[in-house]
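**Student:** A predicted structure for the sequence below; I have some questions about it.
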Amino acid sequence: LDREGPVGILRFLQPTKRNPYSIGFVEELVALLREAERDATIRVVVMTGGNHFSSGGDLVGFQSEIAKGARATSEMVDLVHDGGRAAYLFRKPLISAVCGVAFGAGLSLALSADIVVAAEDARLCEVFARVGGCPDTGSSWLLQQRAGAGVARMLVLTGREIDGRTARDLRVVEECVPANQVEVRALEIAREIATHPMFGVQTAKRVMRAAAECSYLEALDIERDAQSVLLCAHDFPEAMKAFSEKRTPEFKDR
């Protein structure tokens, strides 16, 4: 976990092995996300694997647990899912910077972020069908949320590999840039977000996530409850006052 001003950069440290999604990887990922969440100086986090984001599940390392039977296998999968859970539930804005491969669980991890910046030549694949498996680590839900049910089924059932340009066109990722600009662009977005009052930003992230899983009328209730707090209790009053006085707001939460 590196720090550049208000931005935390979570760097995966086995790019030559394409950052396999192992139990050890998950444990370190969870620990460092918790550290970044506790650190008040970090306002946004960028996840990057360098030349490769992640090749997905550590199939070699998982074999010993699978050999123990269904119960041990189920417990292992649930442990692996802790990585995605920690990323998806991370309270601060989270951006994935994807170069090289993002396969299987690696793609799931990338998609668990709020924003994904991919290299034009990145290789993204829901590889599960190729190895006789089904989606895990949240892919079945995350991909449908971003790209829609039809695109998600096509990518999962075919196991088709797509590049960053295609991923952007299918709305799997938000931005696509040349490989040497991926981390730079992710950091630009992170710094843009970091300039805003953080209580509002974190509340907005929570509202957006909750609203995506409910009806329109339920979303209105979620927005009302969150906005009522912000309108009365934090930087919004200063923004309204500054607007009426034709000056720049002086936010406390910067």
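**Tutor:** Looks like it came in fine. Only a predicted model underlies this, so the values are computations on that prediction, with no experimental measurement involved.

**Student:** report the buried residues of stretch 39-52.
**Tutor:** For stretch 39-52, a neighbour-count test (16 or more other C-beta atoms under 10 Å) marks Ile42, Arg43, Val44, Val45, Val46, Met47, Thr48, Gly49, Gly50, His52 as buried. Bear in mind the C-beta positions are built from the backbone N, C-alpha and C, glycine included.

**Student:** again, but for stretch 58-75
**Tutor:** For stretch 58-75, the neighbour count (16+ other C-beta under 10 Å) marks Asp58, Phe62, Glu65 as buried.

**Student:** could I get the phi/psi values of the closest residue in space to Ser22 that isn't next to it in sequence?
**Tutor:** Closest residue in space to Ser22, ignoring its immediate chain neighbours: Asp58 at 3.8 Å, by C-beta to C-beta, 6 or more residues apart in numbering. Backbone torsions for Asp58, taken as degrees, to the nearest 10, come to phi -80, psi 80.

**Student:** quick one on the thing from earlier: and the furthest pair within the buried residues of stretch 39-52?
**Tutor:** The largest distance within these, taken as C-beta to C-beta, falls between Arg43 and His52 and amounts to 27.0 Å.

**Student:** isn't the residue nearest to Ser22 up against Asn19?
**Tutor:** No: with contacts counted by C-beta atoms under 8 Å, Asp58 stays clear of Asn19, the gap being 10.1 Å.

**Student:** and for the two, which residues touch both?
**Tutor:** Common contacts of Asp58 and Asn19, defined by C-beta atoms under 8 Å, 6 or more residues apart in numbering, comprise Phe25.

**Student:** element containing the residue lying closest to Val177 once chain neighbours are set aside?
**Tutor:** The spatial neighbour of Val177 that comes closest, neighbours along the chain excluded (C-beta to C-beta, 6+ apart), is Arg185 at 5.0 Å. Following DSSP states H and E, one finds Arg185 within helix 182-194.

**Student:** ditto for Ala210
**Tutor:** With DSSP H and E as the criterion, Ala210 is inside helix 198-211.

**Student:** following element in sequence after that helix, please.
**Tutor:** helix 216-233.

**Student:** and whichever helix or strand comes after that following helix, what does it pack onto?
**Tutor:** Helices and strands here follow DSSP H and E; after helix 216-233, the next one along the chain is helix 235-244. Contact partners of helix 235-244 among helices and strands, from 3 or more C-beta pairs under 8 Å, 6 or more residues apart in numbering; DSSP states H and E: helix 198-211.

**Student:** so of the buried residues of stretch 39-52, which ones are in strands?
**Tutor:** With DSSP state E as the criterion, strands contain Val44, Val45, Val46, Met47, Thr48 from among the buried residues of stretch 39-52.

**Student:** out of those, who's nearest Phe199?
**Tutor:** The closest of those to Phe199 turns out to be Val44 (C-beta to C-beta; 14.0 Å).

**Student:** the closest residue in space to Ser55 that isn't next to it in sequence: neighbour count?
**Tutor:** Leaving aside its sequence neighbours, Ser55 sits nearest to Arg18 (C-beta to C-beta, 6+ apart; 3.8 Å). The burial count assigned to Arg18 is 21, neighbours taken as other C-beta atoms under 10 Å.

**Student:** ok, Val184 next?
**Tutor:** 12.

**Student:** now do the one 3 residues further on
**Tutor:** Number of residues near Leu187 (other C-beta under 10 Å) recorded here: 21.
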